[in-house]
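Chemist: I'd like to go over a predicted model; first the sequence, then the structure.
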Amino acid sequence: MFTRGQLTRQRGVDPRALTFAVLDLETTGLEPGRGSRVCELGIVRMRGDGVVLDEYSTLVNPEKQRINNSEYHGITIADVRTAPTFADIAGDVSAYLADAVVVSHNLDYEEKFLAAEFGRLGINLRGVPGLCTLVTARRQLDRWGYKLENVSHLITGEWLDARHSALGDARALAATLAKLIAEAPQPLTWVGPAPVPLPTNLPRGGPIVPRATGLRRGTVGWLGTLTARLPLMAHPPQPRPDGLRDYRALLGHALADGKIVSEEANQLAVAAARAGLTQTTARQVHEEFLADARARAEADGVVTPVELRELQRAGKELAASHLISDLEEAAAANRAKGNGPLKGWRLLPVGDSPALTELLDYAVEHGAKVAVNLTKTVRLVVNDDVPETDPRIAKALALAVDVRSPEQARKLLAAEVDKPNGLFVDRDGEQIASQISAERAAASAPRRPEWHEYWRPRELTDAEYHDQFVARYDDEDFADVVITVPAGQRSSRTPAMAGGPAKSGCVAVLVVGGALVAGIAELLRQVVA
């Protein structure tokens with residue numbers, strides 16, 4: 001199916017101009033020849049300069065095949081019951097892999113499963129350019145441990161967000177590939193076949209069941225993480241109406257107490273998958289949900305403080321606070337009026353003119369109150385050309401209350417407003433803070449990436465690669481160990497290498513007496529790199 005190419009230090013094509021389709025699969029077992037099927041698929045289409053163009057992800061119904069390794073990826077029969085079969089998504093998969101270099105961390109593993117799935121449909125894809133980043137990492141980096149999580153963390157500095165989910169692993173590999181191309185100590189080029197079109201006569205745009213895993217509250221909240229785990233598709237399918245109805249109902253139940261907890265978030269993730277939500281459609285659902293709640297709050301013409309608090313909590317959880325920002329700004333303005341720099345000032349206006357009205361608006365905006373009668377709490381009487389014989393003016397003068405004209409009062413209040421706020425204002429402290437910020441910024445200036453320390457002085461030749469990663473397993477002691485090797489480097493002592501079942505390392509299956517021990521196989525698959 002795939003014709004292998006390489007990212008190499010030799011002369012070739014600038015990979016930044018190419019399109020890559022980064023692929024990851026989760027499967028029901030290790031061997032398609034023994035009935036194992038694909039149960040989840042994730043693809044990230046990206047340019048070599050790191051720009052993500054499109055994403056695709058869905059659980060896949062393996063039909064009658066049992067899932068024997070749920071403890072590895074967390075997928076159960078219940079999860080895939082409503083998922084499309086591979087036949088349902090074959091057209092979409094073909095379209096996402098077309099006109100791109102297909103990338104995987106151990107491409108042999110993905111190849112044998114895709115070839116088997118397409119083969120069941122009578123489709124034989126050939127000549128698709130492929131890149132194995134496991135081989136690339138071994139050739140270019142001299143470091144123990146070449147599993148995806150290790151290589152990704154080394155190059156990007158980030159641990160996998162949603163480990164053992166197809167889209168999560170594909171995203172991590174895409175980010176790793178982008179960094180590798182952009183920051184390698186020596187420029188890497190593509191040496192291999194050019195991207196090719198693939199069959200376009202297969203149905204497209206079918207339903208999907210995307211899985212959101214590895215949820216955590218973090219800084220964006222449970223729903224923010226859930227939404228981010230869904231695929232960001234350029235042309236998302238419409239959600240299933242029945243699934244969407246259930247998701248809305250569950251969303252209301254979860255937000256009834258104003259907050260979402262872990263169990264509710266995981267229930268929502270299941271409902272989102274069954275509804276076929278993507279990042280785009282999930283955000284639409286969340287915004288519509290909050291807009292509906294706002295409409296109910298405004299139905300009587302008044303949004304009470306209690307209703308606003310409910311909307312604020314929901315807006316934060318739904319990552320849709322922008323839909324109620326005007327309500328929050330109005331409430332904040334009202335609070336600011338009562339807590340402004342003129343808080344505690346009560347003004348008694350005497351007279352009636354535009355200048356006096358303007359002054360009172362200014363005072364109230366900054367926290368002052370307007371009095372109707374002269375009491376002990378009045379600090380300032382604003383006299384707008386009223387004679388001192390007026391009883392209010394006379395009483396104010398008798399009580400030694402300050403009496404000013406509107407112009408004088410404006411200057412007095414403006415001086416109060418412009419005073420530095422707070423008990424601890426310190427200009428020297430402000431300068432010191434700025435100096436420390438500048439020093440920290442200079443200390444964190446870009447440096448040579450740490451992973452460059454493991455860059456090989458020169459990339460491994462085919463013979464050196466064979467010696468380090470193939471021949472070492474040709475010994476009698478490893479006769480029953482199946483390993484993955486690059487095309488063209490398969491040992492006659494290990495014929496099963498053609499299948500390459502190890503997804504994240506070189507050891508995949510230990511055969512005892514010719515029988516497959518599934519539990520040991522999975523353990524070796526995860527532990528040995």
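Modeler: Happy to help now that I have it.
Chemist: Can you verify Leu347 is assigned to a helix?
Modeler: No. Counting by DSSP: H, G, I helix; E, B strand; the rest coil, Leu347 is located in no helix; its state is strand.
Chemist: Run a quick check on it versus Asp384, I expect a contact.
Modeler: No. Judged on CB atoms under 8 Å, Leu347 makes no contact with Asp384 at a distance of 11.9 Å. Every C-beta, even on glycine, is put in place using the N, C-alpha and C of the backbone.
Chemist: Looking at those two, which one has more neighbours?
Modeler: For Leu347 versus Asp384, the count of surrounding residues by other CB atoms under 10 Å is larger for Leu347: 22 against 17.
Chemist: Not counting sequence-adjacent ones, nearest residue to the more buried one?
Modeler: Nearest residue to Leu347, sequence neighbours excluded (CB to CB, 6 or more residues apart in numbering): Leu380, at 5.0 Å.
Chemist: Quick one: neighbours of that neighbour, just the number.
Modeler: So Leu380, with other CB under 10 Å, has 22 neighbours.
Chemist: and what of Gly206?
Modeler: When neighbours are counted by other CB under 10 Å, Gly206 registers 16.
Chemist: wait, isn't it in contact with Asp88?
Modeler: Yes. Using CB under 8 Å, Gly206 is in contact with Asp88, at 4.8 Å.
Chemist: who touches both of these two?
Modeler: Counting by CB atoms under 8 Å, 6 or more residues apart in numbering, Gly206 and Asp88 have no shared contacts at all.
Chemist: Need the residue closest to the centroid of this structure.
Modeler: Nearest to the mean C-alpha position of the chain, counting by CA atoms, centre = their mean, stands Ala228 at 3.8 Å.
Chemist: any idea how far Leu30 is from that one?
Modeler: 30 Å (CB to CB, to the nearest Å).
Chemist: before we move on, what about Gly351?
Modeler: Gly351 is 91 Å from Leu30, by CB to CB.
Chemist: Can you say which helix or strand has Leu23 in it?
Modeler: According to DSSP states H and E, Leu23 maps onto strand 19-27.
Chemist: Just give me how far stretch 123-140 sits from the chain centre.
Modeler: Its chain's average C-alpha position is 27 Å from that of stretch 123-140, according to CA atoms, centre = their mean, to the nearest Å.
Chemist: List the buried residues for that stretch?
Modeler: Applying a neighbour-count criterion of 16 or more other CB atoms under 10 Å, one finds 125, 128-140 buried in stretch 123-140.
Chemist: go on, stretch 364-372?
Modeler: Buried-residue list, stretch 364-372, by 16+ other CB under 10 Å: 364, 366-369, 371.
Chemist: try stretch 227-244
Modeler: Neighbour count says stretch 227-244 has 227-233, 236-237, 239-240, 243-244 buried, by 16+ other CB under 10 Å.
Chemist: so for that stretch, what's the average pLDDT?
Modeler: On average, the pLDDT along stretch 227-244 is 96.
Chemist: From the opening residue of it to its closing one, how far?
Modeler: Start to finish, the residues bounding stretch 227-244 are 15 Å apart (CA to CA, to the nearest Å).
Chemist: and if you look at stretch 296-316?
Modeler: So stretch 296-316: terminal residues 18 Å apart, CA to CA.
Chemist: rewinding a little: and which of the buried residues of stretch 123-140 is nearest Gln408?
Modeler: Using CB to CB, Thr133 is the member of the buried residues of stretch 123-140 that sits closest to Gln408, with 76.2 Å.
Chemist: what sits against that closest one?
Modeler: With contacts defined as CB under 8 Å, 6+ apart, Thr133 is in contact with 103-105, 148, 151, 173, 176-177, 180.
Chemist: Could you do Phe289 as well?
Modeler: Here Phe289 is in contact with 248, 251-252, 314, 318 (CB under 8 Å, 6+ apart).
Chemist: ok, of those, which one's closest to Pro195?
Modeler: The shortest approach to Pro195 among those belongs to Leu318, at 39.6 Å (CB to CB).
Chemist: does the nearest residue to that closest one once chain neighbours are set aside sit in a helix, a strand or a coil?
Modeler: In this structure, Leu318 finds its nearest non-sequential neighbour in His286, 4.1 Å apart by CB to CB, 6+ apart. Of the three states, His286 takes helix under three-state DSSP.
Chemist: surely His286 meets Gly221?
Modeler: No. With contact defined as CB under 8 Å, His286 does not reach Gly221; the gap is 10.9 Å.
Chemist: Touching stretch 94-104 from outside, list them.
Modeler: 2, 5, 18-24, 43, 45, 54, 56, 110, 123, 125, 128-133, 173-174, 177, 190, 192, 195-200, 202, 204.
Chemist: now with 7 Å?
Modeler: Stretch 94-104 is contacted from outside by 2, 5, 18-24, 43, 45, 56, 110, 128-133, 173, 177, 190, 195, 197-199, 202, 204, using CB atoms under 7 Å, 6 or more residues apart in numbering.
Chemist: State the distance spanning the first to the last residue of that stretch.
Modeler: One end of stretch 94-104 sits 16 Å from the other (CA to CA).
Chemist: Same check on stretch 92-111?
Modeler: By CA to CA, the extent of stretch 92-111 from end to end equals 17 Å.
Chemist: repeat for stretch 116-124
Modeler: Across stretch 116-124, first to last residue, CA to CA, it's 9 Å.
Chemist: Repeat that for stretch 223-236.
Modeler: End-to-end distance of stretch 223-236 (CA to CA): 19 Å.
Chemist: Ala282 and Thr227 touch, don't they?
Modeler: Yes. Ala282 lies in contact with Thr227 (CB atoms under 7 Å); the separation is 4.7 Å.
Chemist: re earlier: which of the buried residues of stretch 364-372 fall within strands?
Modeler: Among the buried residues of stretch 364-372, the subset assigned to strands under DSSP state E consists of Lys369.
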